[in-house]
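**Student:** show me the folded form of this:
(4 chains)
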Amino acid sequence: MNSLIPLLVAAPLAGAALLLLGGRALDRLGHWIATALAALSFALGLALFADMLGRDAEHRAVTEQLYSWIPVDGFRADVAFQLDQLSITFVLLITGVGTLIHLYSVGYMAHDERRRRFFAYLNLFLAAMLVLVLADNYLLLYVGWEGVGLASFLLIGFWQHKPSAATAAKKAFVVNRVGDMGLSIAIMLMFVEFGSFAFQPVFATAGDASEGKLTAIGLMLLLAACGKSAQVPLQSWLGDAMEGPTPVSALIHAATMVTAGVYLIVRSGAIFNLAPDAQTAVVVVGAVTLLFGAVVGCAKDDIKKALAGSTMSQIGYMIMAAGLGPIGYAFAIMHLVTHGFFKAGMFLGAGSVMHGMNDEVNMRHYGGLRTYMPVTFATFGLGYLAIIGFPGLSGFFSKDKIIEAAFAKGGTEGWILGLCALLGAAITAFYMTRVMVLTFFGEKRWQPDADGNEPHPHESPKSMTVPMVVLAFGSVFAGGLFIYGNSFLHWLEPVTGHAEGDSPLSAWTVTGLATVCMLAGAALAWQMYGRNPVPVKAPVGSLLTRAARRDLLQDDFNHAVLVRPGSALAATLVWFDSRGLDGLVNGLAAAIGGISGRLRRIQTGYVRTYALSMFGGTLVLVASTLLMRSV
Amino acid sequence: MNPANYLYLAALLFTIGASGVLLRRNAIVLFMCVELMLNASNLALVTFSRMHGNLDGQILAFFTMVVAAAEVVVGLAIIVSIFRTRHSASVDDSNLMKL
Amino acid sequence: MSYLLSATCAVPAAGAVLTAALPAGTSEARRRTTKTVALAVSVLTLGLAAAIAVAFEPGGARYQLTESHSWIRSFGISFSLGADGIGTALVLLTAVLVPLVMLAGWHDADPAAPEGSFESKRRTQAFFALILAVEAMVLVSFLATDVFVFYVFFEAMLIPMYFLIGGFGDRAGGPDADRQRSYAAVKFLLYNLLGGLVMLAAVIGLYVVAGDQGQATFSLTALTDAISSGKLVIDPNAQRALFLGFFFAFAVKAPMWPLHTWLPNAMGESTAGTAVLITAVVDKVGTFAMLRFCLGLFPDASKTFAPVIMVLALIGIVYGALVAIGQKDIKRLVAYASISHFGFIILGVFAMTSQGQSGATLYMVNHGISTAAWMLVAGFLISRRGSRLIADYGGVQKVAPVLAGTFLIGGLATLSLPGMAPFVSEFLVLVGTFSRYPAIGIVATFGIVLAALYALLLYQRTMTGPVKAGVEGVRDLKVRELAVVAPLVALTLLLGVYPKPLTDLVNPAVNDTLSQVHRTDPAPAHPVAATNGGEQK
Amino acid sequence: MIPVHALAAANGSGPSIPAPHIEYGQLSPMLVVFGAALLGVLVEAFLPRRLRATAQLGVSLLGLGGAFAAVVVLAAQGHGTTRAGLLAMGAVAIDGPALFLQGVILLTAVLAVLTYAEGRLEPRINGHRVDAFAAQAAAVPGGEQERDATREGLRTTEIYPLTLFAVGGMLLFPAANDLLTMFVALEVLSLPLYLMCALARRRRLISQEAAVKYFLLGAFASAFFLFGTALVYGYAGSLQLGEIADVVSGVSQVTPALAVTTQNDALLLIGLAMLAVGLLFKVGAVPFHSWTPDVYQGAPTPVTGFMAAATKTAAFGALLRLFYVAFPGIRWDWRPVMWGVAILTMVVGAVLAITQQDVKRLLAYSSVAHAGFILTGLIATDRRGVAAVLFYLLAYSFVTLGAFAVVTLVRDSKGEATHLSNWAGLGRRSPLLAAVFALFLLAFAGIPLTSGFTGKFAVFQAAAEGGATPLVIVGVLSSAVAAFFYIRVIVLMFFSDPQPSGPAVAVPSPLTATAIGVGVLVTLGLGLLPQYFLDLASKAALFTR
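**Tutor:** Sure thing, here's the model as predicted:
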C-alpha cells in the first residue's frame, strides 16, 4: 500500500509533463487528462486514508524511502515520503479541492487558447504541493516549497500579455524567495546542529540543542512561513497575485499553497515547542496579520482582492494558533481545512460572478446579482456564513477553537491575543458582509466593459457550479464533523500532540463573545452598504480607508525601503563596474601608454642624443660597478 | 717617467674624443673624434704593455690602427654618399627617423 | 598504459587541424561539409569522454587511466594525464557542451558581408576549427597531472578563444560593434595573459623550491605526495607567494571579483556559443585548478588565505547579482549572473568541507549546463531580433512560446530552483560554507533572492507584456535549436532529481583534496542518534 | 699571451720563426665563410653582371652550407664537449657555446641569404627582376645616375660578400677567447653591416641615415670596448680571457707588474664596464639601444632580419664568454649592475613598443625587450643559464627572421607598407600570411606551444634558480606589457576592416617562402617538442678556457 505514495505525486507530475511536451495534439483532451489525473491522485489519497484508518493510531505514520538524492559525505538527503495523519489531511485537501478546481477550470478556461498549458501548470502545482506535504525531510520539503512557488509564478502570470500579471508573478516569486532564504538557513542550521535535516531524527534530537539555536531555527522557519503564507512583513505579494485566473486564486492562493506556512510550523512543532521566543514571534506575526488582512479586506472594491485580504487574515488566525503550541496546532489545521472549503468556494463563486459580468472585478459595479445567479449566490452565501462564523457552520467551530486557544495561552498575552482574535472576527464579519451585500444585494450598478458590452449576468455552466456546490457542502458540514467528539483533534494528536490551555474564560463565554462580535460587524456592514445606496465610484474615504486600499502602504513601504535603494545600488554598482573597476584597468593601460608616449621623446632621431645616452649610460654603468665594490 | 702620466693622457684624450662626439655636428669631425678615442686606447695599451713587459698591448695597438683604417674606408663611404644626397655633413640633418 | 585520455584530447586537436584544412570557399555545400566534419569530431570526442566515465571506477585510485609520455626532460616535464572524479565530470561537461555549441552556432560563421567584400573564405573553417582547438586544450587542462602541462594548455587555450571572441560576433551590436568586439577580445587576452604570466613565475618558483629539496619535478602527483608525506616542505612565506601566483591566474580566469571585468565584454560581444564556451567551459578550468592545484600544492597557504578569498567570493556573489539586475544588455546580464555563480563555486572550494567542495564541483557542471541553456536560447532570440538590448524586447512568449518557455527554464535553473541541477550544488555549497563560516553562509544565501530578481526581471521584460514593435516577426525555435536546448533541459532536470552518479564520481576526489589540506568537516553539535546516522552511506 | 722572451728566444735560434700551431680543421667554419666571401669578391670583379646574382647566391649558400656542415661535423666529433679546446694559440675557443651559436648564425644566415635573393616582390624593370637592394649604392638618390642604373636593372650583388664577411665576424665573435680577437671580430662583423644598411632600393634617404647612425654609434661603442680592453689589459697584463680570470681570482703567479696593477681594482671594474658597453650596444640593451629602432627601420628589411637575428646571437655569445670565462671571479660586482640593465631593458623595450606605428620599429623595440629577457638568463651565472640563453637565441633568431621576411611581403606602390595602419584587415585578405605573422608575434609574446614560450621559460627558470626572483617577476610583468603590442598587431590584422587602398600581399618566390616556412617549423617545433634542442643547448653550455 505504501508504494502507492509516490504515485500520489507521480500522477499529476506525469500529467504536467505530458501536457507540456505533448504539444497541440493534446489541446482538445488535455484538460480532461489533467482532471482525471488529479482525481486519480485524490482516489489514491482516499485509498491510503482508508488504509491508514485501518491501523492503530501509533502505526498510522509510514515512510516510503525512494532513493538517496544527494549523497555527499556527512550529508544525506533522501527522496523519501512520510505519510502520517497530518500529511494525509493535506493530501486529501489538496487533491480533493484540487480536483474540484480542475473541474471548475474546464468551464472557466474553456475559451482560453492556452488552456492546455493552464492545466499542465495546475497539475504541476498539485505535484509540488504533494511533495511539500509528503516530504520526510526539510530539503525535499524545500523542493515542494519552491515548486509550488514556481507553479504559483506560472499561474499568476498566466496571462503574460498583461504587464500587471507578469509583474505580480515575479513579485510573488521574489518575495517568496526572501522567505525561502529563511528555510535554507533553517536547514543549514539544523545540519550544523544535528548533522541531519530529516524530520524524525531532528525532532528526536531537538532537545539536545540549546534554546538559542532552536529559536534561531524557529525564526528562520517563521520567515519561510511568512513568505509562503503572506504574513506580515512578507504579505505584499498576495493581493497582486489575484492577477491570476480565479481558479488559481481559489486553489493556490486560498485553499492550499498559502497555508503551507501553517503546515511548516505545525510540522516543526517539536522545534517550536522548545523555543518559546520563536513561538512568541509566531503568534505576534499571526495576530498582526489577522488584523492587517482584515483591515485591507474592508477597503478593497476588487472582489478578489477583498477575498485575498480575507485569506491573509484567516491564515493569520492559523499562524497564531500554530504559534500557541500544542494547544493550537490541531485547531490551526482544522481551520486550515475548513478555510480551504469555504474560501475556495467563495473564490469560485467570485469567478462565477466575474464570468457572468464580463470579467468585471469591481464590486461597486455589481449589485443585485442574487436573482441572476442563484447557485452562485447560494454557495457563496454558505461560504460567507461559514467564514464569519455563523453558528453551526464549519468556520464557526474552527475559528471559535482558535479564539479559545488564544485566551487559553494565559496571562496578559492570552488576553491580548484573544481580544485581537475577537476583533478580527468582528472585522471579518464586516468585510464579508460588505462583499456579500455589494455583490448580491442592493440595486444593479452594472457598467459596460471597456469594449462597451453591457453585462448579461447568467449562471455559470455545470462544470463550474458543481464544484461550488461540493465545496459549499464542505463549508457547512466540515466543522461539525471535525468537532464531533473532537475527532479531528484525536486524529492529529499523534503527530502534533495536544495540550489543554488554561483559559480565563469559559468556552461558552468565548463562543458568545465571538458571536456577538460577528453580529456587530455584520450589522455595521449592513448599515453602511445595505441600507444606503452604494456609490459607483469609490468615495475618497478616511485616511485609514485610503491607506487600506493601498494595502496599508505596504508597497509604498517596500518601494521606499527596498526597491528604490536597491535599484539605486544596482545602478551605482553598474557605474562603478564600468567606470571604477574597469576604469582602473583601462586607466592603467592608458597610463602605460602615456608613459610610452613620453618616453618615446627621448628617441629624438639625433645621433648625438643617442651618443649622449650611451655616454651617460656608460658613466652610470662604470659608477655603479665601482659602487658595488665599495658597498 | 711615471707610466701613470701616459695613462692620464690617454684618459684625457679619450674624454676629449668622447666630448667631441657629443658636441660636434659634422660627421667627419665626429668620426675623427672617435678615431681620437681609439688612439687614446692605443696609448693606454702601449703604456700597459710596457708596464707588464709583454707585447700583447702593442700588438693590439697595431690591430687597432688597421681596424681604424678599415673603419675610415667604410665610414667615409657612408658619409660621402649621404653628403652627396643631402649636400650637408651635419649629423643633425639626418633626422628622418625618430620616436 | 592506456591511451584513452590522450586519445580523447587528440581527437579534437586533430579535428581542428582537419577542419582548418578543409577546402576553403563560401558555398553552402563547402560550409556544410566543414560543419558536419567538426560536429562529427566533437561527437566522437563525446563518445571517448563517455568511455572515460565508464572506465573510471569511483572507488578506485584518485587518478585513473593515467598515462605519461616523456616531453621535456630538461625541465622534469612529462606529458602526464590522469582522470580523477572531478576532472572526469568536467571532461564530460565539456564534451557534452561542445557539440551543442556547434549546433547552436551552426550559422554564426556564415558569411556576414555580401559577396566580394574582404571577408575571408575560410571563415567557417576557422570558426569550427577554433572551437575544436579550445575543446582539445580544455580537455588536456582537466586531465593534466603535470603542473607544467596544465599551465601550457591553460595559457595556450587563450589564443583560439581570443580569435573566437574577436573574429565572430553576434551581429547584434551597434555601429561600432567591431571595435567593441576587438576591445573585448584584447581585454580577455591581456587579463588572462597577465594572470597566466604571474602564474608562470609561480610555476617556475615551485620548481625551484621543489628542486632545492630534491624534488625537481612538475608531476602533480609526485609533488602532492611529497608535500603530504613531509618530504617537501615549502617555507610558509614562499608557499604564500606561490599560492598567490597560482591563485591570481585562476581568479582571473574564473573570474573572481574584482578581476572579472573582462567577462561581460567577452560574453557580450561574442556569439552566444562562444559566450557559452567561455563561461561554461574555459572559466571552469580556473575554478577547477583552484581545487586541484591551489589546495593540493599549497595546503597551508590555502588555509591562510581562505577567509580573504571567501570574502571576495561573497562580494562577487552579491555584486554580480546586483550589477546583473542593473544591466540593459541580455548577454551582459548573463555574464554578471555567471560572476555571481563563480562566487559560489569559489566559496565552495575554499570552505574546505566535503559538502562545499562536492557542491563546488557539481556547481561547475551544473552551471555549465544551465547557463548554456539560458545563454543559447538568449542567443537564438538575439539572432532573430538583431539586438541585445532588453528594452527592444517584450511579449516574445506570445509569438514564440517554446522559445520563451525554454528561456524561462534556463532562468529558473540559473536561480537554482529546487528540482533542477543547480539547486543541488548551490545548496551543498551553502551548507558547506555555513558549517564553517556561518556569517558568510547567511550573506551568500541572500544571493538566491537576488538571483530570482535578475532572472525573472529579464524574463518579465523580454518575454511578457504586449508584443513590442520589432518582435512580431520573431519565429519560434527551429528543430536544430530544439535539438540544442532539449538535452540541456533534460540534463538540468535529471541531475536535479538524481545527481547521485555525479556525486559518486566526485566524492572520493573531494575527500582526497580535503585530506591534502588536512581539513575535516566540522562535526554537528548534537549529532542525531546513531541509528539514524548509521544508515548513512 | 706572447711573451717578449719567446720572441727573443726565436731570434737567438736562427732565422726561422716557429710557425704558430693553427688547427685549421676546427677553424674551418670560419675559414670556409671567409673563403667564400673572398670568392664573392672575385665573382664581383670578374663575372659578367647578368651572372653575378646567381653566382653570388650559389657561392654564399655553398659557403654557408659548407660551414654549417663543418660545424655539425665538429660537434659530432665532440669538439663541443669532450674535445673542446683553445685554438690558434689561445686566440679562439671552439667549445659548446661557440659551436652551438655558430650553427645558429649559419642557419640564420642561410635563410637571410634566401630572402636577399627574392626577386619577385619588386615590379620588374625593363624585364629585369630586381631585389630589395639599391640599383647602385653610390648613386645619389633620385639622381640621373640612379635612374639609369635602375633602368638597366642593376643590382647590388656586393651584398652577398658583405654578408659573408659579416657572418665570418659573427662566427668568430662568440668563439673569440682573447680581447684582441674579440675586438677584431666585432669590427669584422660590424663594418659590412654598416654598409649593408645603406643599400635599400626604396627609401634610400632613411637607409643612408640608418647607415650613418649605425656607423657613428657603432664606432663610438667600439671605442669604449677598446678602451675597456686597454684597462683590463692594464689590470691583468693579458688579453686572454682565461688568464684574465686567473688574475682576477688571484690564482696566477704574481709578477711585480701585476702586483702594482692589481692593486688598482678601478682599472678592472671600469674596464669591465666599458667592455660591457661595447657588447651591450650590439645586443641592443638599454641605455645603449637607441640605434636599434632607427637602424632596423631604415635598413633594407632582409638585412634587418639578418642583423636582428644573427648579430644578437653573436653578441650574446661574446657577452656570455666574456662574463663567464673572464670575469666569474667578480660576479658579485657585475651581477647587480646587469640586473639593473636587464630590468631597464625589459621595461623600456616593452613600454616604448606600445606606441609604435611602424611595424619594423615595433619589432626593433620588441628585440630590445627580448635582449632584456635574455640578459635574465645570463645573470643566472651557471650552466643552466648558459643553456637557457643558447636555446633562447636559437628560438628567437628564427622567429625574428621569419617575422621580417613576412614584413617584406606586405607592399604597396611605394614598396613595403610598414606603417601599421596598412596592416589593417590583412587577416581577411591573406589569412595564411596573417596567421603566420600572428604565430611569430605569439612566439615573441611567449605564448605556450611556441618556441618563444620555451625560451622564456628556460631563461626565467634559470634566473629563478640563480636567485634572481625579482628579475623573473619584472620579466613576467613586462611580458604582459609586451603582449599588449603584439596583440595590437593581431587585432589590426584580423579584427579591423581593410583599407580600400591598402597594401597587397606579394606572392613570394620559393626563396622567401622557404625562409618563412623554416621559421614557422622551428617556431612550432621548439614549442611542441623542444627536448632535443634543449639537450643540445644544455650539452653545449660549458665554456672552455
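**Student:** what's the burial count for D:Pro328?
**Tutor:** For D:Pro328, the neighbour count with other CB atoms under 10 Å in any protein chain shown is 16. From N, CA and C alone the C-beta is placed, and that goes for glycine too.
**Student:** so which residues on the stretch 51-200 of chain C come close to chain B?
**Tutor:** Within the stretch 51-200 of chain C, not a single residue sits near chain B (CB under 8 Å from any CB of the partner chain).
**Student:** residues of the stretch 51-200 of chain C that sit close to chain D?
**Tutor:** C:70-75, C:118-120, C:122, C:126, C:151-153, C:155-156, C:158-159, C:162-163, C:166-167, C:178, C:181-182, C:185-186, C:189-190, C:193-194, C:197-198, C:200.
**Student:** just the buried members of those residues?
**Tutor:** In those, burial by neighbour count holds for C:71-72, C:74-75, C:120, C:122, C:126, C:151-153, C:155-156, C:158-159, C:162-163, C:166-167, C:181-182, C:185-186, C:189-190, C:193-194, C:197-198, C:200, counting by 16 or more other CB atoms under 10 Å in any protein chain shown.
**Student:** sort out for me which of those residues are in strands.
**Tutor:** C:Trp71, C:Ile72 (DSSP state E).
**Student:** among the buried ones among the residues of the stretch 51-200 of chain C next to chain D, which ones lie close to chain A?
**Tutor:** Within these, those near chain A by CB under 8 Å from any CB are C:Leu190.
**Student:** which pLDDT value belongs to the closest residue to D:Leu534 other than its chain neighbours?
**Tutor:** Nearest-residue entry for D:Leu534: C:Ser74, 4.1 Å, with adjacent residues in sequence omitted and distances by CB to CB, 6 or more residues apart in numbering or on different chains. Confidence at C:Ser74, expressed as pLDDT, is 82.
**Student:** roughly how far does C:Ser74 sit from chain A?
**Tutor:** Separation of C:Ser74 from chain A (CB to the nearest CB, to the nearest Å): 33 Å.
**Student:** where does the chain have low pLDDT?
**Tutor:** All of this refers to chain A. Within chain A, the ranges that satisfy pLDDT under 70 run A:631.
**Student:** wrong one, chain D
**Tutor:** D:1-15.
**Student:** where along it do the strands fall?
**Tutor:** D:85-87, D:92-94, D:410-412, D:415-416, D:504-505.
**Student:** could these go into a markdown table alongside mean neighbour count?
**Tutor:** Below are the strands of chain D laid out as a markdown table (neighbours: other CB atoms under 10 Å in any protein chain shown):
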| stretch | mean neighbour count |
| --- | --- |
| strand D:85-87 | 18 |
| strand D:92-94 | 26 |
| strand D:410-412 | 20 |
| strand D:415-416 | 20 |
| strand D:504-505 | 15 |
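**Student:** got CSV for those strands, with distance to chain A too?
**Tutor:** Below are those laid out as CSV (distance: least, CB to the nearest CB, whole Å):
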stretch, distance to chain A
strand D:85-87, 28
strand D:92-94, 25
strand D:410-412, 24
strand D:415-416, 20
strand D:504-505, 29
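**Student:** from what I can see D:Val347 touches D:Ser478, true?
**Tutor:** Yes - counting by CB atoms under 8 Å, D:Ser478 is a contact partner of D:Val347 at 5.2 Å.
**Student:** shared neighbours of these two, which are they?
**Tutor:** Common neighbours of D:Val347 and D:Ser478, counting by CB atoms under 8 Å, 6 or more residues apart in numbering or on different chains, are D:Gly372.
**Student:** where does A:Pro233 sit: helix, strand or coil?
**Tutor:** coil (DSSP: H, G, I helix; E, B strand; the rest coil).
**Student:** how about the contacts made by it?
**Tutor:** Contacts of A:Pro233 by CB under 8 Å, 6+ apart are A:Cys226.
**Student:** so it versus A:Leu552, what's the distance?
**Tutor:** A:Pro233 sits 11 Å away from A:Leu552, going by CB to CB, to the nearest Å.
**Student:** wondering if stretch D:241-253 reaches chain A at all.
**Tutor:** No - judged by CB under 8 Å from any CB, stretch D:241-253 makes no contact with chain A; its nearest approach is 12.6 Å.
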